[in-house]
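Chemist: got a predicted model here, sequence first, then my questions.
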Amino acid sequence: MMKKIALLATLLLGVMVLGAKVTYAQKDKVEGFWLNQEKEAKIEIYKAKNGKFYGKIVWLKEPNKDGKPKTDVNNPKENLQSQPIIGLLILKGFNKDGDKMYEDGTIYDPKNGKTYSCKITYESDSKLSIRGYVGISMLGRTTTWTRSPN
């Protein structure tokens, strides 16, 4: 009986370890932590339960202003101007299109309080091209984000 329990425990442990590896292997390549081009902010990109990709600010080089956490003072919605920048959702609703493109999303720029249409292109394990635009993609600006260790 003890041998059966030990064998069952070993099998369950193996399945749990294998399951963890499978889950990790299924993580999308854009998921993780990225530094913006200026290296002033770190953004965590993740896939939500709805299958779309989102990104939130998780670190700022200068997180405080006048000794207090920076807030979204440029937000056009007055009731949101007191929300902290750290934790702010800036990438919303991206759909994966092919192997390297993420489209149909938006990017919010807390520096000016504006939201733009956006495309993300996965360039390599260490580089993303982020293109924010108004109307059509040709009328926009591209910045490069680099992967950051947690």
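Modeler: Yep, that arrived. Numbers count the residues shown, from 1 in each chain.
Chemist: and the helices in the chain, which stretches?
Modeler: Listed in chain order, the helices found in the chain under DSSP state H are 2-25.
Chemist: flag the shaky bits of it, pLDDT-wise.
Modeler: Confidence mapping of the chain against pLDDT under 70 gives the ranges 1-26.
Chemist: show me the chain divided up by domain.
Modeler: When the chain is parsed with automatic domain parsing, its domains come out as 1-28, 31-147.
Chemist: quick check: end-to-end length of the last one?
Modeler: For domain 31-147, the first-to-last residue distance is 10 Å (C-alpha to C-alpha, to the nearest Å).
Chemist: in the sheet, who's paired with the residue most central in space within the chain?
Modeler: Compute the mean C-alpha point of the chain, and by C-alpha atoms, centre = their mean the closest residue is residue 45, 1.4 Å away. Taking DSSP bridges, one obtains residue 32, residue 55 as the residues bridged to residue 45.
Chemist: show me what stretch 75-86 is in contact with.
Modeler: Residues lying outside stretch 75-86 but in contact with it, judged by C-beta atoms under 8 Å, 6 or more residues apart in numbering, are 57-60, 63, 69-74, 110, 113. Bear in mind the C-beta positions are built from the backbone N, C-alpha and C, glycine included.
Chemist: endpoints of that stretch, how far apart?
Modeler: Start and end residues of stretch 75-86 are separated by 14 Å (C-alpha to C-alpha).
Chemist: change the start of the numbering to 29 and stick with it
Modeler: Got it, the first residue is 29 from now on, which makes the last one we talked about stretch 103-114.
Chemist: could you give me the buried positions within that stretch?
Modeler: Across stretch 103-114, burial judged by 16 or more other C-beta atoms under 10 Å covers 103, 111, 113, 114.
Chemist: helices and strands around the longest strand that the chain contains, which ones?
Modeler: With DSSP state E setting the assignment, residue counts place strand 142-152 as the longest strand in the chain. When contacts are defined as 3 or more C-beta pairs under 8 Å, 6 or more residues apart in numbering; DSSP states H and E, strand 142-152 sits against strand 117-125, strand 129-137, strand 155-161, strand 168-175.
Chemist: between the third one and strand 129-137, how many degrees?
Modeler: The directions of strand 155-161 and strand 129-137 differ by 60 degrees, with axes from the mean of the first three to the mean of the last three C-alpha atoms, to 10 degrees as the criterion.
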